[in-house]
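*Asks:* Here is a sequence with its predicted model. Questions after.
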Amino acid sequence: MATQQKVHKNILVISGDGIGPEVTRWGREVLQAIAQKYEHDFHFEEGLMGHVAIEATGNPLPDETLQKAQQSDAILFGAIGHPKYDQDPHLPVRPEQGLLRIRKELGLYANLRPIKLFDELLAASSIRPEVLQGADILFFRELTGDVYFGEKKKAEDGSWASDLMIYHRYEVERIARKAFEAARKRRRKLCSVDKANVLESSRLWRAVVQRLSADYPDVECTHMFVDNAAMQLIRDPRQFDVIVTANLFGDILTDEASQIAGSMGMLASASIGDGTGLYEPIHGSAPDIAGKGIANPLASILSVALMLQIGFGLQEEADAVIRAVDQTLKAGYRTLDIADKHTPNHMIVGTDAMGQQVIQRL
Ligand code: NAD
């Protein structure tokens with residue numbers, strides 16, 4: 001089956017908390033199946049992060065995990081989070097600190113989220129099928145700047161608080177370049193989303209993107225205000241190809257866009273910089289369903305497709321994974337989150353049975 005050169009890759013698996021280990025197991029199994037089928041050599045290591053790491057070591061990102069991450073070619077990540085911390089926002093040591101730190105240490109400044117609906121799931125979305133059919137969007141959300149990392153202040157007496165929204169030219173430039181390059185390989189349309197009518201940082205953002213567009217004359221570059229973009233995404237998602245936007249706007253718009261794909265359990269993402277990338281489902285640790293064996297593993301499996309494509313340049317292998325997912329859905333297999341009550345021939349299966357169906361089709 002091997003059609004190209006055998007590749008050797010070191011992959012760090014960080015399963016994390018809640019449903020993380022349940023779904024990541026199937027991401028890893030898919031990587032193993034791909035390695036076997038295409039005669040690649042994937043070597044796996046495991047690392048702790050999140051609540052499990054705090055419990056074991058007191059640190060949400062132990063040094064050992066960080067070292068393994070730095071030495072790996074790619075990271076397959078599940079999810080972190082535990083109700084204990086959600087119920088007490090003042091706990092000083094928290095699972096999400098591990099994720100923020102690994103992003104920072106590895107310089108993961110671009111978060112890519114492909115939003116594409118499998119035809120089989122048209123009915124699972126809350127949006128009308130005729131609006132959705134054919135929508136295929138690739139988001140580039142900036143990940144290491146904006147109000148999340150700007151200076152934070154609050155008055156001693158609690159009467160005011162502020163978060164600084166700040167962008168540097170180089171931060172905009174590096175993610176915009178990645179977005180232009182990606183648009184070149186797709187339908188050659190890039191929409192940059194900002195709030196340049198009001199925000200100084202957005203005016204800088206727009207000026208940088210406009211200047212860069214001269215280097216990509218083959219890509220049609222447009223600009224849209226974020227409030228309009230929020231509306232257009234639902235009104236006519238097919239108008240978009242690649243969207244590039246800042247951290248805060250991207251956080252909100254990508255969750256909104258997840259509805260285009262039907263369920264959180266279907267969406268994968270890649271966080272990349274100039275070295276090792278991290279590939280993960282967009283969902284969290286889902287404590288409400290953890291341990292029940294009903295979580296949808298497809299977002300983890302589709303994250304593996306992103307790893308193969310973006311991280312390792314193995315397009316054929318990535319396509320094989322997506323095809324196997326598509327065929328599994330076509331055969332009628334559904335986890336609860338994507339089940340359509342009105343289609344009687346659906347087979348509702350748990351996490352493991354769903355994973356096995358995909359492996360079988362590989
Ligand atoms: P969540 O994504 O964990 O769950 C939201 C809803 O979607 C839940 O009803 C859940 O059951 C469902 N869901 C999520 N993934 C699913 C899957 N694969 N299959 C079926 N259903 C699925 O978000 P939340 O409930 O807001 O957060 C839970 C915890 O996860 C919190 O501690 C939060 O901090 C953490 N979190 C972590 C990440 C991450 O690790 N990247 C992202 C978001 C939230």
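*Replies:* Ah, there it is.

*Asks:* ok, which stretches of the stretch 1-150 of the chain are strands?
*Replies:* 8-16, 41-46, 74-79, 110-116, 136-142 (DSSP state E, counting those that start in this stretch).

*Asks:* Also the stretch 201-350 of the chain?
*Replies:* Under DSSP E, counting those that start in this stretch, the stretch 201-350 of the chain gives strands at 220-225, 242-245, 268-272, 277-281, 333-334, 347-348.

*Asks:* can I have the longest one written out in CSV, keeping just the CAs?
*Replies:* In CSV, the C-alpha atoms belonging to strand 220-225 read as follows (Å, rounded to 0.1, in the frame of the first residue of the first chain):
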residue,chain,number,x,y,z
GLU,A,220,-8.9,37.5,-3.2
CYS,A,221,-8.6,39.3,0.1
THR,A,222,-11.6,40.9,1.8
HIS,A,223,-12.2,42.5,5.2
MET,A,224,-15.3,42.2,7.4
PHE,A,225,-16.4,43.6,10.7
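
*Asks:* Run through who's touching that strand.
*Replies:* By Cβ atoms under 8 Å, 6 or more residues apart in numbering, the residues outside strand 220-225 that reach it are 180, 188-197, 206, 209-210, 213, 232. All C-beta atoms are positioned from the backbone trio N, CA, C, and that covers glycine.

*Asks:* just checking, which of these belong to helices?
*Replies:* Applying DSSP state H to the contacts of strand 220-225, the entries found in helices are 180, 206, 209-210, 213, 232.

*Asks:* Would you show me how to pick out the buried ones of those residues in ChimeraX?
*Replies:* To isolate the buried members of the ones in helices among the contacts of strand 220-225 in ChimeraX, using 16 or more other Cβ atoms under 10 Å:
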select :180,206,209,213
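
*Asks:* so which of the ones in helices among the contacts of strand 220-225 comes closest to the ligand?
*Replies:* Gln232 (25.0 Å; Cβ to the nearest ligand atom).

*Asks:* Neighbours of the nearest residue to that closest one once chain neighbours are set aside, how many?
*Replies:* Residue nearest to Gln232 in three dimensions, not counting chain neighbours: Gln239, with 6.6 Å by Cβ to Cβ, 6 or more residues apart in numbering. Neighbourhood size, Gln239 [other Cβ atoms under 10 Å]: 14.

*Asks:* show me what contacts the closest residue to the ligand within the stretch 151-300 of the chain?
*Replies:* The stretch 151-300 of the chain approaches the ligand most closely through Gly284 (2.4 Å), counting by Cβ to the nearest ligand atom. Contact partners of Gly284, counting by Cβ under 8 Å, 6+ apart, are 18, 79-81.

*Asks:* same thing with Pro114?
*Replies:* Contacts of Pro114 by Cβ under 8 Å, 6+ apart are 136-139, 268, 306.

*Asks:* Buried only: go through these for me.
*Replies:* Counted by 16+ other Cβ under 10 Å, the contacts of Pro114 give 137-139, 268, 306 as buried.

*Asks:* Confirm for me that Glu317 is in contact with Glu39.
*Replies:* No. The criterion here is Cβ atoms under 8 Å, and Glu317 misses it with Glu39 at 10.9 Å.

*Asks:* between the two, who's got more neighbours?
*Replies:* Glu317 (24 against 13).

*Asks:* before we move on, the earlier item: out of the contacts of strand 220-225, which comes closest to Leu117?
*Replies:* Gln232 (16.9 Å; Cβ to Cβ).

*Asks:* And the furthest pair within the contacts of strand 220-225?
*Replies:* Maximum distance among those (Cβ to Cβ): 26.7 Å, for Arg188 and Asn197.

*Asks:* okay, the two: which has more neighbours?
*Replies:* More neighbours surround Arg188 than the other of Arg188 and Asn197, with 15 against 10 (other Cβ under 10 Å).

*Asks:* Stretch 60-68: which residues count as buried?
*Replies:* Buried-residue list, stretch 60-68, by 16+ other Cβ under 10 Å: 60-62, 65-66, 68.

*Asks:* what about that stretch and the ligand, any contact?
*Replies:* No. For stretch 60-68, no contact with the ligand is found by Cβ under 6 Å from any ligand atom; the gap never falls below 11.3 Å.

*Asks:* Let me see the residues that make contact with that stretch.
*Replies:* So stretch 60-68 is contacted by 12, 14, 45, 47-51, 53-54, 56, 80, 93-99, 101-102, 105 (Cβ under 8 Å, 6+ apart).

*Asks:* In the stretch 201-350 of the chain, what residue spans correspond to helices?
*Replies:* 226-235, 247-257, 298-306, 315-330 (DSSP state H, counting those that start in this stretch).

*Asks:* what's the spacing between the longest one and its chain's center?
*Replies:* The one in question is helix 315-330. 18 Å (Cα atoms, centre = their mean, to the nearest Å).
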